[in-house]
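Undergrad: could you work out the structure for the sequence below:
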Amino acid sequence: MRIVEDGLEDPAVVAFLEAHLTQMRATSPPESVHALDLEGLRGAGMRFWTGYDDPADGEVLATAALRHLDAGHAELKSMRTAPHRLREGLARRMLEHVLGAARDAGYARLSLETGSQPFFAPARALYRAHGFVECLPFGGYSPDPSSAFLTLDL
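TA: As a prediction, this is how the structure comes out:
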């Protein structure tokens, strides 16, 4: 998989992110959907990556974003793998790419919010396998039984 930064103007990326939001809205209660829309991903303090087999063919395989919280802390956002390409290691590669970018940017900590429902169990397992541990809500989140909050010291 080739990972490129940005891609938020590409119609295939926009459609991939719209499918992500649709899936999150179908999976979580409305008050527990914290996925960012396109405008949120284009906001200040955001970096965004897209994974492709070949960027020339346009098929989006995975996405991830990094949101600046403060000088030492960032948040992982919009991790998604194409549903027909699950269990191929694409999410692991994307996560490792973002972890490297966070370290290179000088962050000391990376946190994330994901769902607590069974649907999100593979994501939670991936994050735990990379050293993430449970934490309290951060960055403006409130306690939510439908959310799991995880953090990693970089």
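
Undergrad: list the contacts of the lengthiest helix in the chain.
TA: Counting residues, the longest helix found in the chain (DSSP state H) is helix 11-27. With contacts defined as CB atoms under 8 Å, 6 or more residues apart in numbering, helix 11-27 is touched by 7-8, 33, 35, 37-38, 41, 50, 58-60, 63, 78, 80, 82, 115, 117, 119-120. In this view, the C-beta of every residue, glycine as well, is placed from N, C-alpha and C.

Undergrad: just the ones of those in strands?
TA: With strands defined by DSSP state E, the entries of the contacts of helix 11-27 inside them are Thr50, Val60, Thr63, Ser78, Arg80, Gly115.

Undergrad: surely the fifth one touches Gly51?
TA: No. Contact status for Arg80 versus Gly51: not in contact, 9.9 Å apart, counting by CB atoms under 8 Å.

Undergrad: residue contacts, the residue nearest the centre of the chain?
TA: Compute the mean C-alpha point of the chain, and by CA atoms, centre = their mean the closest residue is Met79, 2.6 Å away. Residues near Met79 by CB under 8 Å, 6+ apart: Ala62, Thr63, Ala64, Ala91, Met94, Leu95, Leu112, Ala123.

Undergrad: for the first one, name its beta-bridge partners.
TA: With DSSP bridges as the criterion, the beta-bridge partners of Ala62 are Gly51, Thr81.

Undergrad: ok, it to His73 distance?
TA: Applying CB to CB, to the nearest Å, the value for Ala62 to His73 is 24 Å.

Undergrad: then the fifth one?
TA: Computed with CB to CB, the distance linking Met94 and His73 is 20 Å.
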